[in-house]
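> have a look; sequence and predicted model below, questions after that.
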Amino acid sequence: MTVLARRNDGGLARVGLAISKKHVRRAVDRNRIKRVVRESFRLHLELLQGLDIVVLARGGIAAKNNQELRAALNAHWNKLARCRKS
RNA sequence: GGAGUUGGCUGGGCAGUCGCUGCGUCGUUAUCGGCGUGGAGGAAAGUCCGGGCUCCGCAGGGCAAGGUGCCAGGUAACGCCUGGGCGGCGCGAGCCGACGGAAAGUGCCACAGAAAAUAUACCGCCACGCCUCGCAAGAGGCUGGUAAGGGUGAAAUGGUGCGGUAAGAGCGCACCGCGCCGGUGGCAACACCGGUGGCAGGGUAAACCCCACCUGGAGCAAGACCAAAUAAGGGAGCGACAGUGUGGCCCGCACUGCUUCCGGGUAGGUUGCUAGAGGUGCGCGGUAACGCGCAUCCCAGAUGAAUGACUGUUCUCGACAGAACCCGGCUUACAGGCCGACUCCCACU
């Protein structure tokens, strides 16, 4: 997946999802990915304060299970938090 | 015990923690919080049919186009379902079938073959006719007769047998098949019986076509309401035998200018949105599909789109797969499990 972000003035964290039918064919998989991303985002709210984030799905993401997705997201969140500080 | 056919049902369970969302309620108030309660499927899928609903004034006439195609019933309707008929497959339970018309017309039929549909004659068979040779038997030729046999093909102008004949031929007869007529049974499809004809003349209609029946168009981004905004104007063209509603066309009907370029400008919310050809139970009618009556229940309604995640435990380790206006079907995908009915084979009693 690709994660984009920029600072905002509100001090709140916001997330947008772009899970296209082109990259994830089945509706069940699209729903699953969105749930996992939202869940992970919710659990890391404090880390991501003041950021507007967009998560883009890429081909092959449907083959990953929930644990793999969570691990990948955690890596992205941590990287974003470091970038914001610098 | 084995092999199989068929009709249904089911599609992990329990506990805890953290979340999402509809409704109700209380607090707080224009936003959160507490409590209670509801929250994907048998196919939600493919979008292949049918209907409801909404708008197009009405959905009217004709042509075109498309669909359906044994009969009866069921249904709001259907291309669906049920029962029956006919044909095919299977020892059987059962399964499969676009299953009207080829003497209304047209087209097509590769290769092979003489010939693929007006019929015709390659190898053959025959000599009742004529000619030549010969005593004769017979041989050859001309001219004809014939389609039994061979050969080609997926398919060759009914099949088998007997008679008949120069050789043959439905030429004649018997049985079978087919056509026509009549009768009987059945609502019907159709079946059976009797008579009669001497064979009508290949296949193909998911080829055109003919016959019968059906279909107006667009779709919830349909449509309705609320609020906000708005630009008037200028140039060019067409023209009342026109343009729009109107959709493949024409008529009919209604409305009145229309098209294009420049310039300018909007697209937020509410509703439609779930109580329905609805589910469950009982009774009654019907072979069945289904119908009727009574009782009872309320069972998703999101709008970037909600059902999840984590942990523990347990089992037979969990398939295909995510509602988007709503129903009825069809088709396709699907780990495993459960129940009913029936058939065949083997063994024992």
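Great, that's in hand. The shown structure was predicted, so the numbers you read here are calculated from the model rather than taken from an experiment.
> biggest helix in chain A, by residue count?
Criterion DSSP state H: the longest helix present in chain A is helix A:66-85.
> tell me what it is packed against?
Counting contacts by 3 or more CB pairs under 8 Å, 6 or more residues apart in numbering; DSSP states H and E, helix A:66-85 is packed against strand A:2-7, helix A:27-43, strand A:51-56. To be clear about C-beta, it is placed using only N, CA and C from the backbone, and glycine gets the same treatment.
> that helix and RNA strand B in contact?
Yes: under the criterion of CB under 7 Å from any atom of the strand, helix A:66-85 makes contact with RNA strand B via A:66, A:67, A:70.
> could you find the closest non-adjacent residue to the last one?
Put plainly, it is residue A:70. residue A:40 (5.8 Å; CB to CB, 6 or more residues apart in numbering).
> can you pull the contacts of residue A:8?
A:14, A:50, A:51, A:52 (CB atoms under 8 Å, 6 or more residues apart in numbering).
> okay, now the unreliable bits of chain A?
Chain A contains residues with pLDDT under 70 at A:9-11, A:85-86.
> let's see 80
A:1, A:6-28, A:30-31, A:42-43, A:45-52, A:57-68, A:81, A:83-86 (pLDDT under 80).
> so which bits of it are right by RNA strand B?
So chain A meets RNA strand B at A:16-18, A:26-28, A:31-32, A:34-36, A:38-39, A:42, A:66-67, A:70 (CB under 7 Å from any atom of the strand).
> what's the neighbour count on the residue nearest to residue A:3 when sequence neighbours are not counted?
Closest residue in space to residue A:3, ignoring its immediate chain neighbours: residue A:76 at 4.5 Å, by CB to CB, 6+ apart. For residue A:76, the count of nearby residues is 19 (other CB atoms under 10 Å).
> swap in the one 5 residues further on?
Counted with other CB under 10 Å, residues neighbouring residue A:81 total 15.
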